[in-house]
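A.B. asks: need the 3D shape of this:
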Amino acid sequence: MSPAPRARKRFGQHFLHDPGVIDRIARAVDPQPGEHLVEIGPGRGALTRRLLASPAATLDAVEIDRDLAAQLASELAGEPRFVLHEADALEFDFAALAQQRGGKLRVVGNLPYNISTPLLFHLLESVAHLHDLHVMLQREVAERMAARPGSDAYGRLTVMLAPWMRIERLFDIGPGAFQPPPRVWSTVLRLRVLEQPAFDVSPSFSRVVAAAFAQRRKTLRNSLRGLLDAPQIEACGLDPAARPETLAPEAFNRLARALDDAQETGESPPRGA
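C.D. replies: Residues are numbered from 1 along each chain as shown. Model prediction:
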């Protein structure tokens with residue numbers, strides 16, 4: 001067997017190697033016959049091999065590092081259920097893969113810390129084709145995802161995930177479980193995709209949430225300037241002087257619906273925008 005490629009800093013690589021942690025993650029995923037797994041960033045394949053020991057129907061892996069991809073593809077060439085995709089997960093078409101596999105995907109992965117948030121937003125684009133996610137993230141990111149309104153960790157990521165997923169923190173992982181060890185602790189999360197969204201999501205939802213948290217210390221009146229004015233915000237039952245981090249996710253959807261209505265009637269943007 002050829003030497004394992006070294007971790008590359010530009011890809012944010014920290015390879016999971018602790019057998020106990022690997023087994024604990026696999027048991028949390030608990031793959032069943034007929035299910036289709038997708039591993040993001042398989043690295044050297046420690047978790048990959050453990051997942052292939054399950055009765056899952058297929059395991060696709062998405063790896064951006066060509067050296068790692070080549071080695072893993074070679075080592076697992078005799079496994080008919082395994083397909084390696086040398087690709088950037090930020091650009092990978094998960095919806096197309098689900099259609100190819102004929103069922104929803106179960107995503108597993110040690111998400112690179114430097115792209116974890118944009119990768120989660122990318123996965124949201126294919127949420128209708130996902131069953132659940134079991135992901136390892138920097139502990140601070142995990143705290144943001146599961147945060148409550150009014151807390152310091154509550155923000156755009158929290159709100160954007162809320163309509164689509166139920167988030168459960170499973171367990172923390174220390175730096176020593178990885179090689180090289182990161183400088184931070186990690187958390188394993190289970191994200192279950194809801195059968196029906198928590199509310200009827202407006203087409204303007206992401207736009208309003210992004211604007212609201214662009215400068216999180218601003219009030220709604222100021223952060224949404226150019227989209228909605230104070231009377232429109234008040235008509236949603238909200239105080240224009242409130243700060244975005246105090247609002248529940250559904251409140252942002254009410255604001256988004258107000259923007260939808262304004263656009264349908266051709267109402268001009270508020271003056272001073």
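
A.B. asks: can you pull the contacts of F205?
C.D. replies: By CB atoms under 8 Å, 6 or more residues apart in numbering, the contact set of F205 is 160, 163, 252-253, 256. (C-beta placed from N, C-alpha, C; glycine too.)

A.B. asks: quick one, helices of the stretch 1-150 of the chain?
C.D. replies: With DSSP state H, counting those that start in this stretch as the criterion, the stretch 1-150 of the chain has helices at 19-29, 46-52, 66-75, 94-101, 116-124, 139-145.

A.B. asks: could I get these as CSV with mean neighbour count, distance to A153 and mean pLDDT?
C.D. replies: Shown next, in CSV, are the helices of the stretch 1-150 of the chain (neighbours: other CB atoms under 10 Å; distance: least, CB to CB, whole Å; pLDDT from 0 to 100):
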stretch, mean neighbour count, distance to A153, mean pLDDT
helix 19-29, 16, 23, 96
helix 46-52, 20, 27, 96
helix 66-75, 17, 33, 93
helix 94-101, 16, 27, 98
helix 116-124, 19, 13, 95
helix 139-145, 19, 5, 93
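
A.B. asks: between these, which one is closest to R225.
C.D. replies: Smallest distance to R225 across the helices of the stretch 1-150 of the chain (CB to CB): 23.9 Å, for helix 116-124.

A.B. asks: domains for this protein, by residue range?
C.D. replies: Following automatic domain parsing, one finds the domains of the chain at 9-193, 205-264.

A.B. asks: center of this structure - which residue?
C.D. replies: Nearest to the mean C-alpha position of the chain, by CA atoms, centre = their mean, lies L120 at 2.3 Å.

A.B. asks: hmm, P33 is touching R81, no?
C.D. replies: No - P33 lies out of contact with R81 (CB atoms under 8 Å); the separation is 11.3 Å.

A.B. asks: show me which of the two is the more surrounded one.
C.D. replies: Set side by side, P33 and R81 show more neighbours around R81, with 16 against 8, by other CB atoms under 10 Å.

A.B. asks: what about the nearest residue to E143 once chain neighbours are set aside, which SS state?
C.D. replies: Of all residues not flanking E143 in the chain, A153 sits nearest, at 4.7 Å (CB to CB, 6 or more residues apart in numbering). State at A153, reduced to three classes by DSSP: H, G, I helix; E, B strand; the rest coil: coil.

A.B. asks: what about the strands in the chain?
C.D. replies: 15-16, 36-40, 58-63, 82-86, 105-110, 130-138, 165-173, 178-179, 186-193 (DSSP state E).

A.B. asks: for V209, find the nearest of these.
C.D. replies: strand 165-173 (14.9 Å).

A.B. asks: look up how far D260 lies from the residue nearest to E143.
C.D. replies: 29 Å (CB to CB, to the nearest Å).

A.B. asks: please apply the same query to F92.
C.D. replies: For F92 relative to D260 (CB to CB), the value is 31 Å.

A.B. asks: who's more crowded, the two?
C.D. replies: Higher neighbour count among F92 and D260: F92, with 20 against 15, using other CB under 10 Å.

A.B. asks: I'd say that one and D60 touch.
C.D. replies: No - with contacts counted by CB under 8 Å, F92 stays clear of D60, the gap being 9.5 Å.

A.B. asks: mind listing the shared neighbours of the two?
C.D. replies: With CB under 8 Å, 6+ apart, F92 and D60 have common neighbours H85.
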